[in-house]
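Q: sequence below, structure please.
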Amino acid sequence: MKTKEVMDIKELSEYLGIGKSKIYHLIRLKQIPASQIGRQYRFSKEIVDTWLKDQLITNPQQANPQNS
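A: I've put the predicted structure just below:
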């Protein structure tokens with residue numbers, strides 16, 4: 001599958017390997033960069049890739065303080 005530069009919910013779900021309901025949840029929490037056109041959402045591959053890099057966990061102990 002060739003990834004497009006601008007994706008809809010279904011394409012983003014396939015690209016990230018997560019369910020559409022999880023993407024809608026992230027949108028509601030304003031935790032994922034999305035553009036809204038009418039009632040539909042669109043996602044820039046470049047912006048999503050940057051967002052993913054920003055989500056990297058560099059110190060697993062920081063991500064899960066219960067393990068401390």
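Q: distance check, Gly17 against Arg39.
A: Here the criterion is C-beta to C-beta, to the nearest Å. By it, Gly17 lies 25 Å from Arg39. All C-beta spots, glycine's among them, are computed from the backbone N, C-alpha and C.
Q: do Glu11 as well
A: Computed as C-beta to C-beta, the Glu11 to Arg39 distance reads 17 Å.
Q: so for the most centrally placed residue in the chain, what pLDDT did the model give?
A: The centre of the chain sits closest to Ile32, judged by C-alpha atoms, centre = their mean, with a distance of 5.0 Å. Listed pLDDT for Ile32 reads 96.
Q: okay, buried residues for the strand ranked longest in the chain please.
A: In the chain, assigned by DSSP state E, the strand with the most residues is strand 40-44. Along strand 40-44, these residues count as buried under the neighbour rule (16 or more other C-beta atoms under 10 Å): 41, 43.
Q: got the CA coordinates for it in CSV?
A: Coordinates of the C-alpha atoms in strand 40-44 are reproduced here as CSV (Å, rounded to 0.1, in the frame of the first residue of the first chain):
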residue,chain,number,x,y,z
GLN,A,40,-14.4,14.7,8.0
TYR,A,41,-10.9,14.6,9.4
ARG,A,42,-7.7,14.6,7.3
PHE,A,43,-4.1,14.0,8.4
SER,A,44,-0.9,15.1,6.8
